[in-house]
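[1] Got a sequence here, can you build the structure:
(chains A and B)
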Amino acid sequence: MAEKKIIDGRGSFCPGPLMELIGVLKMSQIGDELEVLSNDKGSAKDIPEWVHKVGHEHVSTTEEAGVWHITVRKSK
Amino acid sequence: MKILIIGGGMGGTILANNLARRLSTELRSGKARITMLSASDRHLYQPGLLYLAIGRSTPDALYRDQAGLLEQGIEFHVDPVEEFKLDNNQVKAKSGKTYDYDVLVIATGSRMVPEEVKGLAENAEFFYTEESALKMMRRLQDFQGGKVVITVGVPHKCPMAPLEITFMLHDYFKERGLADKVKLHYTYPINRVHSLENVAKWAAPEFDRLGIGYETFFNIKEVDGAKKVLRSEEGSEVAYDLLIAIPAHRGMEVIEKNKLGQNGWIPTNRNKLNMEGRTNVFVIGDTTNIPISKAGSTAHFEAETLGENIAAMVKMGMTTPVRDYDGKVFCFIEAGLDRATYAMFNYQNPPDPKAPTRAMHWFKMAYNKLYWASARGLL
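    Take a look at the predicted model:
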């Protein structure tokens, strides 16, 4: 059953929100949703770019009080 | 108060010694007791493996007797934990003995898992264990020319290692007179050559200047050893003559078996360092799931913070930490065989690495020796 996981990448300069997502995503099941929290606006561009390149699904990106919430679904 | 530390690596050792100094009076009076359980009677200086892999160190220089590193008053047993009974404040170890605690610290570290990528373990060289580093050193010695690919898995221990080994290999082959016969090619999982933006801004022009090729957005999918080709999740492939990998890591098996955290990473409060949902269980070093570098300095700074907080629990009965961990990390970055720089950052402030210098390289070389004072809690 698909589940939604939260990856709190706020304040993570290294390895950073995208690397955290990559690490968690590969251990997840197809259909799982992951929501990345990031206070780096670059994540709003970098994460969807990688997700499209590798073939997963970018579900949504929202911003609240300087924190970007980027939701991704594992597709393969 | 019974303080039980699981793991005799950098974090566990620094914490134990830090606490033994802070609590010397309480240890003598019996008010406090510190016990460490480890899987080994030897302590490995893991950053030294990088130097071993390129023939700049020897195994004996990287080990010390664990008991000899610990302050008097610390009870030390080589007795790896097999079962965590957190609801009973107990752990059960390999010997069959059960150890009680009032405060538990888990610092069991991480391990590379190259076997999780098809073809990687059989076809790549690594430097995360003594055995693999020595094998890589011999392979490098035999290598006379061709394309060397350095590839990076996620997550991995020591975020600077990919850059360091690449720059060091450049100088290594140059020293051997093979610069014209060796082509270095670096791959990295995200859209720049390092996760730290300012480090990437420095490193990419260095790669260009040195003629090191690179490909970003490259996550290792599989290795075809017969064809000597590395393929990525993103759909690209790169041929190699010699493949060097910084493989993905996991936490230790005992953490997974006890269901303390997915992939061996224990959910941990990023400031208080307690295991989520537990007030008397703390986690430091690679074992946490905190989105921060899995590096020795992380474990070191976490251990110093936790030492202060546990000492306050013993001395003043504090039930909440007196100090927060601020995410501090300090990483040397070897930029070759004779130059280095560093990156220092925390949760709030990104690093601003300076141009590499010979002085910083020699400081790093000195630290490789000074580490033993650091492990003893003196530095």
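
[2] ok, and the helix or strand in chain A with the lowest average confidence?
    Considering only helices and strands, the least confidently modelled element of chain A by mean pLDDT, DSSP states H and E is strand A:4-8, at a mean of 91.

[3] Show me the contact partners of it.
    The contact list for strand A:4-8 (CB atoms under 8 Å, 6 or more residues apart in numbering or on different chains) reads A:17, A:20-21, A:24, A:28, A:32-37, A:71, B:270, B:291. Just so you know, the C-beta spots here come from the backbone N, C-alpha and C atoms, and that holds for glycine as well.

[4] Equivalent analysis for stretch B:197-211, please.
    Judged by CB under 8 Å, 6+ apart, the contacts made with stretch B:197-211 from elsewhere in the structure are A:13, A:42, B:160, B:163, B:166-167, B:170, B:183-184, B:186, B:192-194, B:212-214, B:333, B:335, B:341, B:343, B:350-353, B:355.

[5] How about stretch B:152-159?
    For stretch B:152-159, contacts defined as CB under 8 Å, 6+ apart pick out A:14-15, A:19-20, A:22-23, A:26, B:46-47, B:110, B:112, B:114, B:117, B:128, B:162, B:187-189, B:194-196, B:219-220, B:245-249, B:286, B:293-296, B:331.

[6] how about the strands in chain A?
    Ranges of strands in chain A, per DSSP state E, are A:4-8, A:33-38, A:57-64, A:67-73.

[7] Tell me which residues of the last one come out buried.
    In other words, strand A:67-73. A:68-73 (16 or more other CB atoms under 10 Å in any protein chain shown).

[8] angle of that strand against strand A:33-38?
    160 degrees (axes from the mean of the first three to the mean of the last three CA atoms, to 10 degrees).

[9] Could you export strand A:67-73 as PDB, CA atoms only?
    In PDB, the C-alpha atoms belonging to strand A:67-73 read as follows (Å, rounded to 0.1, in the frame of the first residue of the first chain):
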ATOM      1  CA  VAL A  67       9.600  26.400   3.300                       C
ATOM      2  CA  TRP A  68       9.000  24.600   0.000                       C
ATOM      3  CA  HIS A  69       7.000  21.400   0.000                       C
ATOM      4  CA  ILE A  70       7.800  19.300  -3.000                       C
ATOM      5  CA  THR A  71       5.800  16.100  -3.400                       C
ATOM      6  CA  VAL A  72       7.100  13.300  -5.600                       C
ATOM      7  CA  ARG A  73       5.600   9.900  -6.500                       C
END
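
[10] report the angle between the axes of it and strand A:57-64?
    Direction vectors for strand A:67-73 and strand A:57-64, defined by the same axes, to 10 degrees, enclose an angle of 170 degrees.

[11] Sheet partners, orientation included, of strand A:67-73?
    strand A:33-38 (antiparallel), strand A:57-64 (antiparallel) (DSSP bridges).

[12] Distance check, the residue nearest the centre of chain A against A:His69.
    In chain A, the centroid-proximal residue (CA atoms, centre = their mean) is A:Val36; its distance is 4.0 Å. Using CB to CB, to the nearest Å, one obtains 7 Å as the distance from A:Val36 to A:His69.

[13] same deal with B:Met365?
    45 Å.

[14] same deal with B:Val182?
    As it turns out, when the distance is counted by CB to CB, B:Val182 lies 45 Å from A:His69.

[15] could you dump the strands paired with strand A:67-73 to CSV with distance to B:Ser57 and mean pLDDT?
    Shown next, in CSV, are those (distance: least, CB to CB, whole Å; pLDDT from 0 to 100):
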stretch, distance to B:Ser57, mean pLDDT
strand A:33-38, 38, 96
strand A:57-64, 45, 96
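
[16] Can you tell me which of those strands is nearest to B:Glu175?
    Distances from B:Glu175 to each of the strands paired with strand A:67-73 were compared by CB to CB, and the smallest falls on strand A:33-38, at 41.9 Å.

[17] Run the chain-centre distance for the closest one.
    Centroid separation for strand A:33-38 versus its chain: 4 Å, with CA atoms, centre = their mean, to the nearest Å.

[18] Equivalent analysis for stretch B:87-98, please.
    From the chain centre to the centre of stretch B:87-98 is a distance of 27 Å (CA atoms, centre = their mean).

[19] Which of the residues in it are classified as buried?
    Judged by neighbour count using 16+ other CB under 10 Å, the buried positions of stretch B:87-98 are B:89, B:91-93.

[20] shouldn't B:Ile212 be in contact with B:Leu163?
    No: using CB atoms under 8 Å, B:Ile212 and B:Leu163 do not qualify as a contacting pair, with a distance of 10.1 Å.

[21] So between those two, which is more surrounded?
    Neighbour comparison, B:Ile212 and B:Leu163: the larger count goes to B:Leu163, with 26 against 21 (by other CB atoms under 10 Å in any protein chain shown).

[22] Helix, strand, or coil at that one?
    Counting by DSSP: H, G, I helix; E, B strand; the rest coil, the backbone at B:Leu163 sits in helix.

[23] go on, the one 3 residues further on?
    Secondary structure of B:Thr166, reduced to three states by three-state DSSP: helix.

[24] pretty sure it contacts B:Ile212?
    Yes: checked against CB under 8 Å, the pair B:Thr166 and B:Ile212 is within contact range at 6.3 Å.

[25] in chain A, which ranges drop under the pLDDT threshold?
    A:1-3 (pLDDT under 70).

[26] returning to what we had before: let me have the strands of chain A in a markdown table, adding distance to B:Tyr325 as columns.
    Below are those laid out as a markdown table (distance: least, CB to CB, whole Å):
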| stretch | distance to B:Tyr325 |
| --- | --- |
| strand A:4-8 | 15 |
| strand A:33-38 | 19 |
| strand A:57-64 | 26 |
| strand A:67-73 | 21 |
